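[1] sharing a model that was predicted from the sequence below.
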Amino acid sequence: MWRPVADAPFAPPAVIGRGGLPVEITETELVDPLAQRLLPGAAAPDADRPGAWALTARREGCVVGVAHGATVGDRVEVEALVVAPPHRRQGIGGHLRSAPADLAARRDATPVMPGPLD
């Protein structure tokens, strides 16, 4: 059975930043293979889940964070959000936490975050 390992972005990447630290966030259907390495085994996404989405944060081309989940009915559910340890406390997690709200607005849905996210 053929399974894709990556896919093209849904939209152009958003470049956001705090001070002089820009972060590029790309939205795709599947988790980027490099971003997958940040997720603990239990947080690995189900690639066959309908409505699946992934957000990959990059700084200077390097993966520094990932969030993934699925759109279920009128809810955009976040299943996992991880920032690479050397890049924590730089605002990346905050950007990844706000990105599902933008995704939900485009899908006419409500964002649902588990709590707390580590």
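    Nice, I can see it.

[2] from here on, contacts and neighbour counts on C-alpha atoms
    Fine.

[3] for this structure, what's the longest helix?
    Identified as the longest helix of the chain according to DSSP state H is helix 92-106.

[4] that one - contacts with which helices or strands?
    strand 52-59, strand 62-72, strand 75-83, strand 110-112 (3 or more Cα pairs under 8 Å, 6 or more residues apart in numbering; DSSP states H and E).

[5] for the last one, which positions count as buried?
    Using 16 or more other Cα atoms under 10 Å as the test for burial, strand 110-112 gives 110-112.

[6] tell me, how many residues neighbour His87?
    A count of nearby residues for His87, using other Cα atoms under 10 Å, gives 14.

[7] what sits against it?
    Contacts for His87 (Cα atoms under 8 Å, 6 or more residues apart in numbering) come out as Val64.

[8] between the helices and strands packed on helix 92-106, which gets the lowest average pLDDT?
    Out of those, strand 110-112 stands lowest, with a mean of 81 (criterion: mean pLDDT).

[9] buried residues, stretch 58-77. List them.
    Going by neighbour count (16+ other Cα under 10 Å), the buried part of stretch 58-77 is 58-59, 63-71, 76-77.

[10] for Ala35, give me the pLDDT.
    For Ala35, the model assigns a pLDDT of 88.

[11] show me what Leu81 is bridged to.
    Under DSSP bridges, the beta-bridge partners of Leu81 are Ala67.

[12] close enough to count as contact, it and Ala57?
    No. Counting by Cα atoms under 8 Å, Leu81 stays clear of Ala57, with 10.6 Å between them.
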